[in-house]
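In: Let me see the structure of the following:
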Amino acid sequence: MQHKQSFFIQFMKLAGPFWNSENKLTIRIETVLLIALTLMQIGLAVFITQWNANLFDALEQRSLTGVKAQIGVLLLIFASSITITTAHLIIKRRLLIGWRTWLTEKVIAKWLHKGRHYQITLMSQNDHDNPDGRIAEDIRIATEDAINLSHSLFYSLLMLGSFTKILWDISGKVVFDFGFILIPVTGYLVWIALSYSVCASILGWWMGKSMTMATHARQTKEANFRHYLIDTQSNSQAIALIRGENKEQEHLLDAFQAIIATYAQQTAAWKQIQIFTSGYSVTSMALPILAASPRYIAGAISLGMLMQSVQAFQHMVSALSWPVDNMAVIAKWRTSVERVLGLVSALDHLELDIAELNSRQISVKKADVSVLKLTNVTIASLEGDNLSSTINDEIKAGERVLISDKTSSGAKLFKAIAGLWPWGTGTIEVPENDTLFFMPPKPYLPVESLFAAICYPKSKVLFEQALVEKLLIQIGQKDLVKQLNRVDSWEQLLSNEQQQYLGVVRVLLHRPQWIFIQEALDSLTPSDETKMLTLLGKELPNSGILTITHQPAAEAFHQRRLKI
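Out: Next up, the predicted model:
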């Protein structure tokens, strides 16, 4: 029980502040309206049972006038039901999308904060894999099902209170004759409904308790399968070139077989629930009539009251059966909430780990001068092992420095300068007012127009397309000028060489004061790499350039080496 309470408290700590967020007044008004409309729905349901009793009484009395009167009341019920149901749907869906939007924005902001989306990939894949599925799908389920379940529970509690009183009044007092003893019972239909629901709930819980585990397993395998499909699509060119389709097909089908295994597990769980619900629905239909019929046969109640007691009995049982009826939904909801909490918890854990590094953390500070200063900097692994020697250096604006020796440690040094690799010791001072620009081996080219992809991460409205055209011609990529307004998956369409040329265009477009080149020109020929470095030095003479490269010919461009 403590685990369940802890789980619910964690969810409310994460998602509960929605009702105290920036639009709290609107949110609270909508919540109050939803509660009021739910009360109206219950009132309407109670009124319908009374209308049903009056109608059957009129039929029993063969009163045409009474039937006509009930037709008029039915029209009123018809209009009220449409109005209340429609308003309820609108308000409820506003809350659904509002809560999902708020939580999605919160988790995305946490995920993308200071490169945490990258740093979390360095951790062991424990409970934060497939963040795309957790953010896109699990947040939707966590918020939508939370409101749906809360509303249905509130509705059931109101229905239980309302129809228990009706059933109690109709039941009256009966005497059970066991031959040797007479036992008077007041509200016997209520006790029958209560006993029936409790027994059914216990049996239903026992038969369906395997659903939570089966649902969690299936959602995890489904998310993994989607991830593998996306990964295959992202690397389709490389797979096609090396004829890796058979291996990928084998890999994807293995992942799909894992889904089939969990599907079979879930089917077994569903089968148990289906056996229970089928028998439960048949019994629930017949039991109230059989239980109330003796009083009708004895003349203690009218036909209308018999039908009213049947409806009240069914409503009461339905309310008491809420846990059983929503078992599968609760299992799915809890699984999704746990997946969202897992991602958030991993991000919090990462944040705490970085905060607690203290003396074992590389400190990145802002400096007023246009100098990159490394003081007693040592790059370490996540486990604390040193990956570099102690670095003490000062790089001035306009200098061209080649990172030599361990290129992998050089890449981590670049990440440390960017604030993405805190593992290590020492202090890095970066110019406060200068722009730092990092060139990875392959530039990220989002699926937009080629013009917008080159301008990334800034908006294309900040640049003239004519300037981009000029730069493309300048680097020898005139053929790409005609494609600037075309939208495509450029990482798949363009060769590594073309993408690295576009990386150069992006730098020339943004004109940063510091450029960090991490094997970003290694796909070019040695002569072309030298040309691109020369072009960068000519166009951005005051920019500091730090380079990691495997091309010996590029050494001549640089003024000195930095050994790590």
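
In: mind showing which ranges of the stretch 101-250 of the chain have poor pLDDT?
Out: Low-confidence segments of the stretch 101-250 of the chain (pLDDT under 70): 123-127, 175-180, 182, 207-209, 212, 237.

In: show me where it has strands.
Out: If DSSP state E, counting those that start in this stretch is used as the criterion, the strands of the stretch 101-250 of the chain fall at 173-177, 182-186.

In: Output the contacting helices and strands for the last one.
Out: Meaning strand 182-186. Applying 3 or more Cβ pairs under 8 Å, 6 or more residues apart in numbering; DSSP states H and E, we find strand 182-186 packed against strand 173-177. (Each C-beta comes from the backbone N, C-alpha and C, glycine too.)

In: okay, and the helix or strand of the protein with the least pLDDT?
Out: When the helices and strands of the chain are compared on mean pLDDT, DSSP states H and E, strand 173-177 comes out lowest with a mean of 68.

In: ok, what's across the strand from residue 377?
Out: According to DSSP bridges, the residues that bridge with residue 377 are residue 391.

In: can I assume it is in contact with residue 387?
Out: No - counting by Cβ atoms under 8 Å, residue 377 does not reach residue 387; the two are 11.4 Å apart.

In: neighbour count winner among those two?
Out: Between residue 377 and residue 387, residue 377 has the larger neighbour count (other Cβ atoms under 10 Å), namely 23 against 17.

In: OK, contacts around that one?
Out: Neighbour list for residue 377: 362, 388, 390-392, 413, 416, 424-428 [criterion: Cβ atoms under 8 Å, 6 or more residues apart in numbering].

In: What's the local residue count around residue 247?
Out: By other Cβ under 10 Å, neighbour count at residue 247 equals 11.

In: Contact partners for it?
Out: Not one residue lies near residue 247 by Cβ under 8 Å, 6+ apart.

In: ok, now how distant is it from residue 228?
Out: According to Cβ to Cβ, to the nearest Å, residue 247 and residue 228 sit 12 Å apart.

In: Ok, residue 445 next?
Out: Distance from residue 445 to residue 228, by Cβ to Cβ: 23 Å.

In: These two: who's more crowded?
Out: Using other Cβ under 10 Å as the criterion, residue 445 and residue 228 rank with residue 445 on top: 23 against 16.

In: Low-confidence bits of the stretch 301-450 of the chain, can you list those?
Out: In the stretch 301-450 of the chain (pLDDT under 70), the answer is 357-359, 405.

In: so where do the helices sit in it?
Out: In the stretch 301-450 of the chain, the helices defined using DSSP state H, counting those that start in this stretch lie at 303-320, 322-325, 327-355, 407-417, 450-455.

In: Let's have those in JSON lines, adding mean neighbour count and distance to residue 192.
Out: Formatted as JSON lines, the helices of the stretch 301-450 of the chain follow (neighbours: other Cβ atoms under 10 Å; distance: least, Cβ to Cβ, whole Å):
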{"stretch": "helix 303-320", "mean neighbour count": "23", "distance to residue 192": "8"}
{"stretch": "helix 322-325", "mean neighbour count": "19", "distance to residue 192": "17"}
{"stretch": "helix 327-355", "mean neighbour count": "19", "distance to residue 192": "23"}
{"stretch": "helix 407-417", "mean neighbour count": "21", "distance to residue 192": "69"}
{"stretch": "helix 450-455", "mean neighbour count": "22", "distance to residue 192": "69"}
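
In: Residue 29 is nearest to which of the ones you listed?
Out: For residue 29, the closest of those is helix 327-355, at 25.6 Å, according to Cβ to Cβ.

In: Quick check: residue 511 touching residue 542?
Out: No - taking Cβ under 8 Å as the definition, residue 511 is not a contact partner of residue 542, at 9.9 Å.

In: With neighbour numbers in mind, choose between these two.
Out: residue 511 (13 against 9).

In: how much space between the more buried one and residue 399?
Out: For residue 511, the distance to residue 399 - Cβ to Cβ - is 17 Å.

In: In this structure, which helix is the longest?
Out: The residue-count maximum for a helix in the chain (DSSP state H) belongs to helix 245-297.

In: Can you check what angle separates that one from helix 327-355?
Out: Between the axes of helix 245-297 and helix 327-355, defined by axes from the mean of the first three to the mean of the last three Cα atoms, to 10 degrees, the angle is 130 degrees.
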